[in-house]
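Trainee: generate coordinates for the sequence data below:
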Amino acid sequence: MNRPTHTASARTKPLKRPRQARARFTVQAIYDAYVRIWQREGWDQLTTRKVALETGVAVGTFYEYFPSKEALHSGYVRHCIEQMLQQIMERIIAPEQLTWQQRVRGLIRHLAGLESDRTWFSPDMMHLEPLVADLRHQQRAYDELLGIWHQMLSACHDLTPKPSAEAVEALHLATWGGRRYALQVSLDQMRLESWAEEMERLCILAMAPDRQR
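Mentor: Alright, predicted model coming up:
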């Protein structure tokens, strides 16, 4: 695959976000078709027309949301991050009965991509970042992902004292950076599971009250 050399432009951004249930269903179907075609044919052979035909929507309807396949990719990545954050809120932060260690383990597994539903990533997607995302978008994603750590810790009523903001950011960088690098080198499932288990252990050790004094 040839690595893109362009910078993000208006044509690489989704045009609008689906608000109504029917629109959300349509966009989800577009994302599902996008993933199937990418897995089957690769990025270079993927076209907006192919995605529209496989989804069963009119090309005009497709372009109401995505003016290009780069915009579709940008929207898909944003969608995956939002889905993951929502699942963390529902499964890790909202339940009252979880211990702080269980919350940490669950957070790491979601961030490692081992628990999130309906998401798929290819190592080639890393090469597309300069084309579909500028620094402002990357900063927003970084802030949201770091924020979910603080929301998780706020739910840990059995953990006192809480780790410092600097320690939390260090753990976030280690976890999310590790996940991105694992994707880049196509780490197999067994090694990814082992890495996630070690990250869980390290994070719990770093957050343990007796280690913070």
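Trainee: can you give me the helices for the protein?
Mentor: Taking DSSP state H as the test, the helices found in the chain are 21-41, 48-55, 59-65, 69-88, 100-111, 125-132, 135-154, 165-184, 189-207, 209-212.
Trainee: do you know which of these lies nearest residue 14?
Mentor: helix 69-88 (4.0 Å; C-beta to C-beta). Glycine gets a C-beta too; all of them are placed from N, C-alpha and C.
Trainee: okay, buried residues for stretch 203-213 please.
Mentor: 203, 206, 207 (16 or more other C-beta atoms under 10 Å).
Trainee: report the central residue of this structure.
Mentor: By C-alpha atoms, centre = their mean, the mean C-alpha position of the chain lies nearest to residue 81, the distance being 3.4 Å.
Trainee: the nearest residue to that one once chain neighbours are set aside: neighbour count?
Mentor: Sequence neighbours aside, residue 141 is the residue nearest to residue 81 in space, at 5.9 Å (criterion: C-beta to C-beta, 6 or more residues apart in numbering). By the criterion of other C-beta atoms under 10 Å, residue 141 has 16 neighbours.
Trainee: coming back round to it: my guess is the residue nearest to the centre of the chain contacts residue 144, does it?
Mentor: Yes - using C-beta atoms under 8 Å, residue 81 is in contact with residue 144, at 7.0 Å.
Trainee: quick one: stretch 87-106 to chain centroid distance?
Mentor: A distance of 18 Å separates the centroid of the chain from that of stretch 87-106, by C-alpha atoms, centre = their mean, to the nearest Å.
Trainee: please read the previous query as pertaining to stretch 111-123.
Mentor: 7 Å.
Trainee: make residue 1 into 41 and carry on from there
Mentor: Done: numbering now begins at 41, and the last item shifts to stretch 151-163.
Trainee: please convert the helices of the chain to a markdown table, extending it with distance to residue 51 and mean pLDDT.
Mentor: Shown next, in a markdown table, are these (distance: least, C-beta to C-beta, whole Å; pLDDT from 0 to 100):
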| stretch | distance to residue 51 | mean pLDDT |
| --- | --- | --- |
| helix 61-81 | 17 | 93 |
| helix 88-95 | 11 | 95 |
| helix 99-105 | 11 | 92 |
| helix 109-128 | 6 | 92 |
| helix 140-151 | 31 | 96 |
| helix 165-172 | 10 | 79 |
| helix 175-194 | 15 | 93 |
| helix 205-224 | 25 | 94 |
| helix 229-247 | 34 | 96 |
| helix 249-252 | 48 | 72 |
